[in-house]
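1. what shape does this take:
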Amino acid sequence: MAGDEYLQRTVSWACSLRPSPPAFPKLEGDEIALIDMSDLRRLDSKMGLARVVNSLRNAHVTAIAVLGPVEDAAIQAAKANRVALLQLSNAEPLVQVERAVIRLIVDRAGYIAQRAAELQHQLNQVALDGGGIDPIAAHLHTFIQQPVLILRDNGNVAASAGLEDFPERRQQAIIGSLPNIMTLRSWVATRA
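-> You can find the predicted model right below:
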């Protein structure tokens with residue numbers, strides 16, 4: 001309905017509006033706020049969705065998903081507050097949507113942690129087997145299924161894997177588009 005450009009934001013949790021105060025028990029930021037319009041009417045029959053959207057701005061929610069009718073004022077409020085506003089189908093109760101989102105978040109975090117541990121173990125094994133930087137680059141390429149470039153401190157390519165799948169011109173364009181050493185150092189300094 002609004003905020004397609006914000007759909008890539010990270011969602012840390014899902015929280016449903018409760019029909020009794022506090023409407024949203026504890027929002028810490030990056031949640032998807034789930035609102036059943038019938039619960040909103042039970043909470044306060046005079047409160048409109050636009051007011052809720054405006055009040056959620058301070059909570060820094062990632063998105064707002066609504067079960068029930070959405071008025072134009074709420075769409076405008078979502079646009080003004082730069083938040084994604086989604087309308088849910090009536091096919092599933094909101095509590096099931098909330099559980100599904102939470103399950104996806106928890107399972108995804110577990111999956112990422114498992115894959116990171118696997119990669120760390122595998123890279124340790126490559127290093128223990130006497131592999132240098134080239135086998136590490138090759139293993140990373142196999143693991144992530146993307147080309148890999150490992151750079152030296154001076155910004156020159158130390159090892160690569162997966163670039164051979166590209167034509168020579170494309171390889172040179174990729175290597176030529178790498179940032180210079182000063183840009184890399186600035187980037188590292190901002191991450192420390």
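2. give me the contact list for the lowest-mean-pLDDT helix or strand in the chain.
-> When each helix and strand of the chain is scored by mean pLDDT, DSSP states H and E, helix 181-191 comes last, with a mean of 76. Contacts to helix 181-191, defined as Cβ atoms under 8 Å, 6 or more residues apart in numbering, come from residues L151, D153, N154, G155, P179. Every C-beta, even on glycine, is put in place using the N, C-alpha and C of the backbone.
3. likewise for stretch 28-44?
-> By Cβ under 8 Å, 6+ apart, the surrounding residues in contact with stretch 28-44 are 9-21, 23-24, 27, 47, 49, 52, 56, 59-69, 88, 94, 97-98, 101.
4. what about the residue of the chain positioned farthest from its centre, distance to A159?
-> No residue in the chain sits farther from the centre than G130, which is 36.5 Å out by Cα atoms, centre = their mean. To A159, G130 is 15 Å away according to Cβ to Cβ, to the nearest Å.
5. what does E28 give?
-> On the measure of Cβ to Cβ, E28 and A159 end up 41 Å apart.
6. so which of these two has more stuff around it?
-> The neighbour count for E28 versus A159, taken as other Cβ atoms under 10 Å, is higher for A159 (17 against 11).
7. surely the more buried one and I150 touch.
-> Yes: under the criterion of Cβ atoms under 8 Å, A159 makes contact with I150 at 4.5 Å.
8. and the longest helix for the chain?
-> In the chain, assigned by DSSP state H, the helix with the most residues is helix 94-128.
9. and that one, average pLDDT?
-> Taken as a whole, helix 94-128 has a mean pLDDT of 85.
10. count the residues that sit near A73.
-> Neighbour number of A73 under other Cβ under 10 Å is 14.
11. next one: V61
-> V61 sits with 25 neighbouring residues when counted by other Cβ under 10 Å.
12. now it: how far from V52?
-> 10 Å.
13. helix, strand, or coil at the residue farthest from the centre of the chain?
-> coil (DSSP: H, G, I helix; E, B strand; the rest coil).
14. with I136 as the reference, measure out to it.
-> On the measure of Cβ to Cβ, G130 and I136 end up 12 Å apart.
15. for V126, same thing?
-> Distance from V126 to I136, by Cβ to Cβ: 6 Å.
16. ok, now Q122?
-> For Q122, the distance to I136 equals 10 Å [Cβ to Cβ].
17. what's the answer for L43, then?
-> In terms of Cβ to Cβ, L43 sits 56 Å off from I136.
18. one more: A65?
-> For A65 relative to I136 (Cβ to Cβ), the value is 42 Å.
19. just the pLDDT at A161, thanks.
-> For A161, the predicted pLDDT is 90.
20. report the contact partners of it.
-> Counted by Cβ under 8 Å, 6+ apart, A161 has contacts D134, A137, A138, L140, H141, T142, P147, V148.
21. who does it bridge with?
-> V148 (DSSP bridges).
22. so where's the chain uncertain?
-> Applying pLDDT under 70 to the chain flags residues 1, 3-6, 192.
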